[in-house]
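> Any chance you could fold what I've pasted below:
(one chain, ligands or ions: 1)
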Amino acid sequence: MSEPQLNIVYEGMLWPAHVHSEESVRYAREEFQVRDDDVFIVTYPKSGTTWMQEIVPLIFSNGDLTPVQTIPNWQRVPWLEQTSGKTLLENRPSPRFITTHLPYHLMPKSFYTSKAKIVYVVRNPKDALVSSFHYHNMATFLENPGTFEEFIHKFLEGKVMFGSWFDHIKSWLLVKDQDNILFLTYEEMLQDMRGVLVRLGEFLGKQLGDDAIETIANQSKFSNMKQNKMSNYSFVPKELMDQKKTNFLRKGIAGDWKTHFTTAQTEHFNSVYAQRMKGLNFTFYED
Ligand code: A3P
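Numbering: from 1, shown residues only. Now for the predicted structure:
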């Protein structure tokens, strides 16, 4: 019996076939009409997407918890390129919150002339890799990652969902200083959530009072999100995500890569990193 097709290949990238089709990706790129008041959360997978899906709606509700307590994250901030994207987003009233893993050059054609805002979250790629490795082990709709060593190679070669981390981050780094883009790191969110919330509020044109900041910072804590059924993917059947193997909200820390990478793997990763990121004035928080 032949293996089920777990990925589609489109624009030279792998997209999980479980929730993507050529048609859905083509729609996102060619037909989707971006509005000036749209807010996009953009990430490479496993970099803090779910976290930001908690935060952005809470900023717009001024800390009222109703949206995150009543609406699952995939409906609260739907994924543009997924097969459900068109239905969930096309007629939604403004302001729309939209999630995407698209690199800059594959954004909807109507995006480039719009004033839509982008909140981009980047994470230390070694930690994104580790998170993705565990996610591939628990999600049956993703390929078996192989050994950790094999997965490092796949990741560095971009033979993973949404392609190369380097291509993704570089595409957005080159435009990060545009007025409609706020570039944040997962690590600064861990270190100084209140500071991040002030910046986000200013960027999104929502002045947040101290009480709202306190409520949002508290609700978006890892331990609280882990308990939130609307955000922890516990509604997804075990046949698709086996959270007995690993929770979707797994550890939520910086530096977990150190418990996974050998010295040789770290050296190899760092040398590829140095080569691929040469000339870009961008260094990573390494703790
Ligand atoms: P780990 O597997 O390292 O724990 P994404 O949402 O982009 O798929 O990323 C998932 C990663 O973000 C997981 O990383 C998850 O635990 C982490 N994450 C989600 N919410 C978080 C939070 N509130 N605080 C810290 N990390 C969070």
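> got the residue ranges for the helices in the stretch 1-150 of the chain?
Assigned by DSSP state H, counting those that start in this stretch, the helices in the stretch 1-150 of the chain fall at 22-26, 49-60, 66-70, 73-76, 85-89, 125-138, 148-157.
> Any residue of stretch 113-126 touching the ligand?
No: if you take C-beta under 6 Å from any ligand atom as the test, stretch 113-126 misses the ligand, and the best it gets is 7.6 Å. Yep, even glycine has a C-beta here, placed from its N, CA and C like the rest.
> which regions of the stretch 51-200 of the chain lie under the pLDDT threshold?
Low-confidence segments of the stretch 51-200 of the chain (pLDDT under 70): none present.
> for residue 252, what are its contacts?
By C-beta atoms under 8 Å, 6 or more residues apart in numbering, the residues touching residue 252 are 190, 222, 226.
> Give me the buried subset of the residues you listed.
Among the contacts of residue 252, those classed as buried by 16 or more other C-beta atoms under 10 Å are residue 190.
> Check the contacts of residue 252 one by one and keep those near the ligand.
With C-beta under 6 Å from any ligand atom as the criterion, the contacts of residue 252 include residue 222 near the ligand.
> Distance to residue 73 for the contacts of residue 252 - can I get that in TSV?
Formatted as TSV, the contacts of residue 252 follow (distance: C-beta to C-beta, whole Å):
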residue	distance to residue 73
190	19
222	15
226	13
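> Sort out for me which of the contacts of residue 252 are in helices.
Judged by DSSP state H, the contacts of residue 252 include 190, 222, 226 as members of helices.
> Quick check: the nearest residue to the second one once chain neighbours are set aside vs the ligand, distance?
Excluding its sequence neighbours, the residue lying closest to residue 222 (C-beta to C-beta, 6 or more residues apart in numbering) is residue 252, at 3.5 Å. As for residue 252, its distance to the ligand is 3 Å (criterion: C-beta to the nearest ligand atom, to the nearest Å).
> Could I get the phi/psi values of residue 252?
Main-chain torsions, residue 252, degrees, to the nearest 10: phi 70, psi 40.
> Around the ligand, which positions in the stretch 101-250 of the chain sit nearby?
127, 131, 134, 220, 221, 222, 225, 249, 250.
> Pull out the buried residues from those residues.
Here, 16+ other C-beta under 10 Å leaves 127, 131, 134, 220, 225, 249, 250 buried among these.
> Report the buried residues of stretch 12-19.
13, 14, 15, 16, 17, 18.
> Which member of these is positioned nearest the ligand?
residue 16 (12.2 Å; C-beta to the nearest ligand atom).
> Next up, the contacts around the residue nearest to that closest one when sequence neighbours are not counted.
Excluding the flanking residues, the one nearest residue 16 by C-beta to C-beta, 6+ apart is residue 161, at 5.5 Å. Going by C-beta under 8 Å, 6+ apart, residue 161 touches 7, 13, 14, 15, 16, 45, 101, 142.
> Of the residues you listed, which belong to strands?
Members of those lying in strands (criterion: DSSP state E): 7, 13, 14, 15, 16.
> Tell me the spacing between the second one and residue 84.
So that's residue 13. Distance of residue 13 to residue 84, given as C-beta to C-beta, to the nearest Å: 20 Å.
> for residue 127, same thing?
Residue 127 sits 28 Å away from residue 84, taking C-beta to C-beta as the criterion.
> Tell me if residue 182 really is in a strand.
Yes: under DSSP: H, G, I helix; E, B strand; the rest coil, residue 182 sits within a strand.
> does it have beta-bridge partners, and which?
Residue 182 has these beta-bridge partners by DSSP bridges: residue 119.
> For it, the count of nearby residues, please.
18 (other C-beta atoms under 10 Å).
> and it, how far is that from the ligand?
Taken as C-beta to the nearest ligand atom, the span from residue 182 to the ligand is 17 Å.
> for residue 185, same thing?
For residue 185, the distance to the ligand - C-beta to the nearest ligand atom - is 12 Å.
> Enumerate every residue touching the nearest residue in space to that residue that is not next to it in sequence.
The shortest distance from residue 185 to any non-neighbouring residue, by C-beta to C-beta, 6+ apart, is to residue 122 (5.5 Å). Taking C-beta under 8 Å, 6+ apart as the criterion, residue 122 is in contact with 43, 44, 47, 169, 172, 183, 184, 185, 186.
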